[in-house]
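[1] Fold the following, please.
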Amino acid sequence: MSRTIVALDFSSKEEVVDFLKQFDEPVYVKIGMELTYACGLDIVETVKKMGHHIFLDLKLHDIPNTVKGGMSNLARLGVDMTNVHCAGGIAMMKAAVEGLKNGSKDGKRPLCIGVTQLTSTSQEAMNEELGIGGSVLDCVLHYAKNAKEAGLDGVVCSVHEAKAIHEACGSDFLTVTPGIRLASDSVDDQKRVATPQLAKEEGCDYIVVGRSITKANDPKAVYEQIEAVMEA
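    Purely as a prediction, here's the structure:
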C-alpha cells in the first residue's frame, strides 16, 4: 500500500472517475468533505470498485455515543482509514474505536486517526482565536498522547511535529501529514507546509497530497515521483 495519499478534492463523481482512470495500479486516496457533500457516501463504493484504498476524512467530533454510532456505520463502507478530532476528548475517541469494531464485518476495523491541529492553523490563531496556550507542538503532542491512550492508531499532524510524536508515542503510532507541497508549488491556504523529501526525513508514515497531483499536467507521473521519494 502506498505512503502517498491523493486527496480527491473534486465536486463530482465524473471528475473522480476520469482522474482515477489515469492510474493502472491501486492508489491510496482521501475522500473528504467536499466530495462527500457533493456525491454522498456512494462515492466510496465507486472508488472501492475501481480497486483503490480509501482514507475517509470526515473528522467526526460530537458526544461519544453519537460518534460511536457514526463510526459503526462508516465501518460498514469498507474504508481503510477514517478520523475524528482529538479535541473531542479521550472518551469520544474510545467510542470511535468501539464503533468501528462493531461495524466491521470481517473483524478487521479501519484505521482510526485523530486530527490534532489543522495545518492551516498558525501559532497566533491557536493562541488568540482558539484560546489554546503554549506552542503548536505542545498542543499537538498533548492531543497525540490522548489519542494513543484512547486506542487510536495515529494522528494527523504537520511534518514538523511527526518526529516528536514518534518519540513520545512510539514508532508504530502513525503520523499522517497533509500540507505537502512540491518546492515549486504555492502554499495556498496552508500555514505549516513541507515537501515530500522533508516528510520522508522527518519519518512521516503517510503524506496527503492534493493539488500538487490533481492539478498537474501529468498526475500519474507526479504521483510516482512523490511515492519514489517516500519509499526510497
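
[2] wait, isn't residue 98 in contact with residue 68?
    Yes. Using CB atoms under 8 Å, residue 98 is in contact with residue 68, at 5.7 Å. Where C-beta positions appear, they are placed from N, C-alpha and C, glycine not excepted.

[3] Looking at those two, which is more packed in?
    residue 68 (22 against 17; other CB atoms under 10 Å).

[4] Now do the same contact list for the more buried one.
    By CB atoms under 8 Å, 6 or more residues apart in numbering, the contact set of residue 68 is 95-96, 98-99, 102.

[5] List buried residues within those residues.
    95-96, 98-99 (16 or more other CB atoms under 10 Å).

[6] Now intersect the residues you listed with the helices, please.
    Taking DSSP state H as the definition of helices, these contribute 95-96, 98-99.

[7] what are the ranges of the helices in the protein?
    Here the chain has its helices, by DSSP H, at 13-20, 33-39, 42-49, 64-75, 90-103, 123-124, 136-150, 159-169, 196-201, 211-214, 219-231.

[8] will you turn the ones in helices among the buried ones among the contacts of residue 68 into JSON lines that also has pLDDT and distance to residue 79?
    Output for those, formatted as JSON lines (pLDDT from 0 to 100; distance: CB to CB, whole Å):
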{"residue": "95", "pLDDT": "98", "distance to residue 79": "18"}
{"residue": "96", "pLDDT": "98", "distance to residue 79": "13"}
{"residue": "98", "pLDDT": "98", "distance to residue 79": "17"}
{"residue": "99", "pLDDT": "98", "distance to residue 79": "13"}
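
[9] The biggest strand by length in the chain - contacts with which helices or strands?
    In terms of residue count, the longest strand belonging to the chain (DSSP state E) is strand 53-60. Packing partners of strand 53-60 (3 or more CB pairs under 8 Å, 6 or more residues apart in numbering; DSSP states H and E): strand 28-31, helix 33-39, helix 42-49, helix 64-75, strand 81-85.
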